[in-house]
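Participant: Provided below are the primary sequence and the corresponding predicted coordinates.
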Amino acid sequence: MNDVYQRIQLAGQAKDSAEIIGIIAKIKAGKLKNDLALLNYFREIPVSYGGTVLSVEDDYAELRVHQIQAVVISFEKVTVLKSSHFPRDVIANANYVKVEKSLVVLSNFSYALVRADSRMSVRVELSEPIYATFAYEGGSVRGKLHDMSLTGISINVADDPGITISDTGELAVSLPNETITVGASFLKSITTLEGYRLVFEIASTRATEVNISQYIFRRQLEIIKELKDHPGVG
């Protein structure tokens, strides 16, 4: 989650929360135009629909949301609220989600930085095991793909291979129908529960861009179908 959202403070947690709740209350009362939009990232793709404030009390707000949004919130337990009335994006915890009725109860409001907003291209989290090998001057490392976009790829490995930031080489990715090879530069390593996630910036050719785009599109359709097939969606 920290890769996507980061809580921040403008005037302190208590004052920020009170300001956010006050704005939501004004939207509920019709004193401010309702331009609320909720945002979540499910398997790395953005899901965003509008919402209607039903009630506000202390640190809680009940909203009616799109059923697909409710499904994602039920998984993530948080959501981001966007509105022109907020000085920054807002993140809130989900205390209650009823997918069948498209209802969520939110609390613990604070301002947030949505890191994913700065992404240069759409990425997707992968489902089937796909492996990639990064070959560079110091050797090579093989790992399982975590996600992929037109500008970047990350792979999961059990042990830290000791690659130096900005080491360059080639990534060979075994997609279901073919293996593609792209130029790659190592950006960073993220510690995970299973080991390490290695993040690379890639330089695609026109041909590999087409292959990656087609795969991402197919994966997006699978993810959308997964959400629509949730038992709570009518």
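Facilitator: Now that the structure is in, tell me what you want to look at. Numbers count the residues shown, from 1 in each chain.
Participant: Backbone torsions only: list them for Arg218.
Facilitator: Backbone torsions of Arg218, given as degrees, to the nearest 10, read phi -60, psi -40.
Participant: Pick out the residue closest to the middle of this protein.
Facilitator: Taking C-alpha atoms, centre = their mean, the centroid of the chain lies closest to Tyr41, which sits 3.3 Å from it.
Participant: Could you give the number of residues near the residue nearest to that residue when sequence neighbours are not counted?
Facilitator: Nearest residue to Tyr41 in three dimensions, chain neighbours excluded: Val4, at 5.2 Å (C-beta to C-beta, 6 or more residues apart in numbering). Quick note: C-beta positions are derived from backbone N, CA and C, even for glycine. Using other C-beta atoms under 10 Å, Val4 has 21 other residues around it.
Participant: any idea how far Val4 is from Gly152?
Facilitator: Val4 sits 15 Å away from Gly152, going by C-beta to C-beta, to the nearest Å.
Participant: Then Ser110?
Facilitator: Ser110 is 28 Å from Gly152, by C-beta to C-beta.
Participant: Same check on Lys15?
Facilitator: 37 Å.
Participant: which one of these two has more residues nearby?
Facilitator: Gly152 (18 against 11).
Participant: So the more buried one sits against Glu201, correct?
Facilitator: Yes: counting by C-beta atoms under 8 Å, Gly152 touches Glu201, with 5.5 Å between them.
Participant: Common neighbours of the two, please.
Facilitator: Leu187 (C-beta atoms under 8 Å, 6 or more residues apart in numbering).
Participant: can you count the residues close to Ile163?
Facilitator: For Ile163, using other C-beta under 10 Å, the count is 20.
Participant: Brilliant, that's me finished.
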